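Chemist: Test case, fold it:
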Amino acid sequence: MSKPISPVAIGGFTVGALALLLIALFVFGGGQFFQADKVRFVVFFDSSLNGLEIGAPVKMQGVKIGEVKQIVLQIDPNATKIYKPVVIEIDRNSLTSIGGTPFPRAMTHKDREENRDRLVAAGFRARLEMQSLLTGLLYIDFDVHRDKPPVFTGLEYQGLLEVPAIPTTVDELRNTASEVAKRLHDLPLEDIVRDLSASLREIKDFIASKDVRKSTAALANTLEGMEQTVKTLNHNLEPLLANTSKTMVSTNALIKDLKPIVANTDKTLSTATATLDRARDSMAKLGGAVGPESELTETLEALKDAARSMENLTDYLERHPEAVLTGKDN
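Modeler: This is a model prediction of the structure:
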């Protein structure tokens, strides 16, 4: 007769099985069963995903904030294009506010879309970067690139919100080089080289022509003649300038000597004018003896005019003593 099964043993076995299940979930699941506070996005990269693996880190400013959860290839037979959706999972607990509290959890799809739009408007973009040159492994850098406009593919994948991606630095350099090469290829290089060769040939023929040689020789002769003329002028101008300097000194001395003479002449003429005025008065008193049209009266008038002219001349010489040498200006 078999022994009855003890309820305690059954209970212990059940509790042990549950404990083993929880331990297995925690060990092999990395504790994700208890960490439901995460949000997923999808990123469509145009760059090659060689080196990107599931579990690769998602970093912001060098700090891990999530990881890659899924990598898929989608082929569009109509457009013969391959799309590469990459699912990333962001841990909200790795992003906190200034006060240290985590951001409010987005419960609805609309809330998550508004949060995504705020991040995109702030300049956040996803880009592939290399973890190590030795291994060639890649990670996803989620950082601010305001100079890069957000580009969405508009594709739907598992109902996840899309985060815009930008090309890698290597792809940008490759694209720039390809664009430059394309523009160079479009240039009519053969025509440019042909025209340049023809222009160089014409310049060479022109330089070697007889006209240029004659012009060069004439220019050399002209320059040599100008040099000889300048030397002659320098040789002849030295004594001329010396004589001119001496003449200016003598002229200044003569002008200084003329000033007192002119002043004395002015005084003499003033005295003569006064004397003639007194003589005229005396002649007026002799009105009965000498008539207005007599020769004596005419003589006195002429003397008076001569005295006035001398006075004017003296006044002009006093104001312009250089007129003695240069003459009076008309």
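
Chemist: The stretch 151-300 of the chain: helices as residue ranges?
Modeler: 169-186, 189-207, 210-285, 295-319 (DSSP state H, counting those that start in this stretch).

Chemist: Mind listing what's buried along the last one?
Modeler: Taking 16 or more other Cβ atoms under 10 Å as the neighbour-count basis, helix 295-319 is seen to contain the buried residues Thr297, Leu300, Leu303, Lys304, Ala307, Met310, Glu311, Leu313, Thr314, Leu317. (C-beta placed from N, C-alpha, C; glycine too.)

Chemist: What of the shortest one?
Modeler: Judged by neighbour count (16+ other Cβ under 10 Å), helix 169-186 contains these buried residues: Asp171.

Chemist: For it, give the mean pLDDT please.
Modeler: Computed over helix 169-186, the mean pLDDT rounds to 74.

Chemist: That helix packs against which elements?
Modeler: Using 3 or more Cβ pairs under 8 Å, 6 or more residues apart in numbering; DSSP states H and E as the contact criterion, no helix or strand is in contact with helix 169-186.

Chemist: Leu49: neighbouring residues, count only.
Modeler: 15 (other Cβ atoms under 10 Å).

Chemist: That one and Val86 touch, don't they?
Modeler: Yes: counting by Cβ atoms under 8 Å, Val86 is a contact partner of Leu49 at 7.2 Å.

Chemist: Now render the buried residues of helix 295-319 as a markdown table, adding distance to Glu114 and pLDDT.
Modeler: What follows is the buried residues of helix 295-319, written out as a markdown table (distance: Cβ to Cβ, whole Å; pLDDT from 0 to 100):
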| residue | distance to Glu114 | pLDDT |
| --- | --- | --- |
| Thr297 | 128 | 67 |
| Leu300 | 126 | 68 |
| Leu303 | 123 | 73 |
| Lys304 | 120 | 76 |
| Ala307 | 118 | 74 |
| Met310 | 115 | 74 |
| Glu311 | 111 | 75 |
| Leu313 | 110 | 72 |
| Thr314 | 110 | 75 |
| Leu317 | 106 | 71 |
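
Chemist: Just the closest of those residues to Thr135, please.
Modeler: Leu317 (111.3 Å; Cβ to Cβ).

Chemist: hmm, back to that, any shared contact partners between Leu49 and Val86?
Modeler: By Cβ atoms under 8 Å, 6 or more residues apart in numbering, Leu49 and Val86 have these common neighbours: Ile71.

Chemist: So what does Arg112 have for phi and psi?
Modeler: Backbone torsions of Arg112, given as degrees, to the nearest 10, read phi -60, psi -40.

Chemist: Just confirm it contacts Leu161, I think it does.
Modeler: Yes: taking contacts as Cβ under 8 Å, Arg112 lies within contact range of Leu161: 6.0 Å.

Chemist: Asp143 should be in a strand, yeah?
Modeler: Yes: applying DSSP: H, G, I helix; E, B strand; the rest coil, one finds Asp143 inside a strand.

Chemist: Spatially, which residue comes closest to it, not counting chain neighbours?
Modeler: What sits nearest to Asp143 in space, not counting adjacent residues and going by Cβ to Cβ, 6 or more residues apart in numbering, is Met60, at 6.0 Å.
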